[in-house]
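K.L.:
Just the structure for this:
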Amino acid sequence: MAYILISSLIRPKIAPPVPYEGSFDRQFAKKVCLALIPPLVLIFAVLGSIIAGIATVNQAGAIGAIGATIMAGYRLTEGQKNC
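P.N.:
Numbers count the residues shown, from 1 in each chain. Next up, the predicted model:
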């Protein structure tokens, strides 16, 4: 990511801006914040279980894997509702 950032700062033509017709209003900010909650909860659950001594590193990795699988399954079923 650092390479992309530095390259695009040096040569802006290689990374043109993406056009966005929407507006950055309060509703957009709310959607972004709601989308960030599940990954942040997963991160805090994994790191919190390690720091609190509830789980070892391997067990916390398993917690993270199960949480990520649940999040992916939710996204798949949510996408099917929109069809």
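
K.L.:
Just the helices from the protein, written as ranges.
P.N.:
Using DSSP state H, the helices of the chain run over 2-10, 26-51, 57-81.

K.L.:
and V57, what is it in contact with?
P.N.:
Going by C-beta atoms under 8 Å, 6 or more residues apart in numbering, V57 touches I50. Any C-beta I mention is one placed from the backbone N, CA and C, and that applies to glycine too.

K.L.:
where does this structure have low pLDDT?
P.N.:
Residue ranges of the chain with pLDDT under 70: 79-83.

K.L.:
and the residue sitting nearest the centre point of the chain, what does it touch?
P.N.:
Centroid-nearest residue in the chain: P39, 5.3 Å away (criterion: C-alpha atoms, centre = their mean). P39 sits next to M71 when contact means C-beta under 8 Å, 6+ apart.

K.L.:
that older thread, okay if I get the helices of the chain as a markdown table plus distance to P17?
P.N.:
As requested, the helices of the chain are exported to a markdown table (distance: least, C-beta to C-beta, whole Å):
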| stretch | distance to P17 |
| --- | --- |
| helix 2-10 | 10 |
| helix 26-51 | 17 |
| helix 57-81 | 27 |
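
K.L.:
Looking at those helices, spot the one closest to Y20.
P.N.:
Shortest separation from Y20 across the helices of the chain is recorded for helix 26-51, at 10.0 Å, computed as C-beta to C-beta.

K.L.:
any idea how far the closest one is from the chain center?
P.N.:
Centre-to-centre, helix 26-51 and its host chain are 8 Å apart (C-alpha atoms, centre = their mean, to the nearest Å).

K.L.:
Would you check how far apart the nearest residue to A68 once chain neighbours are set aside and L5 are?
P.N.:
Excluding its sequence neighbours, the residue lying closest to A68 (C-beta to C-beta, 6 or more residues apart in numbering) is L42, at 6.7 Å. L42 sits 26 Å away from L5 when distances are taken as C-beta to C-beta, to the nearest Å.

K.L.:
Which of these two has more residues huddled nearby?
P.N.:
Just comparing L42 and L5: by other C-beta atoms under 10 Å the higher neighbour count belongs to L42, 17 against 10.
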